[in-house]
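J.: Just to be clear, the model below is a prediction. Sequence and coordinates:
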Amino acid sequence: MPTARIFQRPKNAMQSGRARTEGWVLEFEPAEAKHPDPLTGWAGSGDTRDQLRLNFPSLEAATAYATREGLGFQVIAAPERKLKLQAYADNFR
């Protein structure tokens, strides 16, 4: 039975916006380890579920899909937002 991870996509660290962070993502755990291709050196495996990512508008929709399809899943909580509040004057202290 395939297992899946359900998580919320974190905010991109290189940008200040929070676009596309409200939805939930279901992605499958890798079934086999990746190995380097002798010709190109790229890492790959025969597991095609690694290429599949499903987006859902809510956690309930993602868990309903996983239970309907008979998938084992674990929900990974979204990281808590930490605000670093500082004044402009703090730059000159």
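T.: Arrived safely, thanks for sending. Numbering: from 1, shown residues only.
J.: Going by C-alpha atoms from here, please, whenever you check contacts or count neighbours.
T.: OK.
J.: Run through who's touching the helix-or-strand element of the chain with minimal mean pLDDT.
T.: Least confident helix or strand, the chain: strand 43-44 with a mean of 90, by mean pLDDT, DSSP states H and E. In this structure, residues lying in contact with strand 43-44 by CA atoms under 8 Å, 6 or more residues apart in numbering are 34, 35, 36, 37.
J.: okay if I get the residues you listed as CSV plus distance to residue 46?
T.: Shown next, in CSV, are the contacts of strand 43-44 (distance: CA to CA, whole Å):
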residue, distance to residue 46
34, 8
35, 10
36, 12
37, 12
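J.: Looking at those, spot the one nearest residue 93.
T.: Nearest to residue 93 among those: residue 34, at 50.5 Å, using CA to CA.
J.: tell me the pLDDT at the closest one?
T.: Listed pLDDT for residue 34 reads 91.
J.: list the contacts for it?
T.: Residue 34 neighbours (CA under 8 Å, 6+ apart): 43, 44, 45.
J.: Export those residues to CSV and append columns for distance to residue 93.
T.: Converted to CSV, those look like this (distance: CA to CA, whole Å):
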residue, distance to residue 93
43, 49
44, 51
45, 54
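J.: partners of the least confident helix or strand of the chain, with directions?
T.: strand 35-36 (antiparallel) (DSSP bridges).
J.: quick one, strands of this protein?
T.: Applying DSSP state E to the chain gives strands spanning 3-8, 24-28, 35-36, 43-44, 53-56, 72-76.
J.: Relative to residue 85, which of those is closest?
T.: Here strand 3-8 is closest among the strands of the chain (CA to CA), at 24.5 Å.
J.: buried ones in the closest one?
T.: Using 16 or more other CA atoms under 10 Å as the test for burial, strand 3-8 gives 4, 5, 6, 7, 8.
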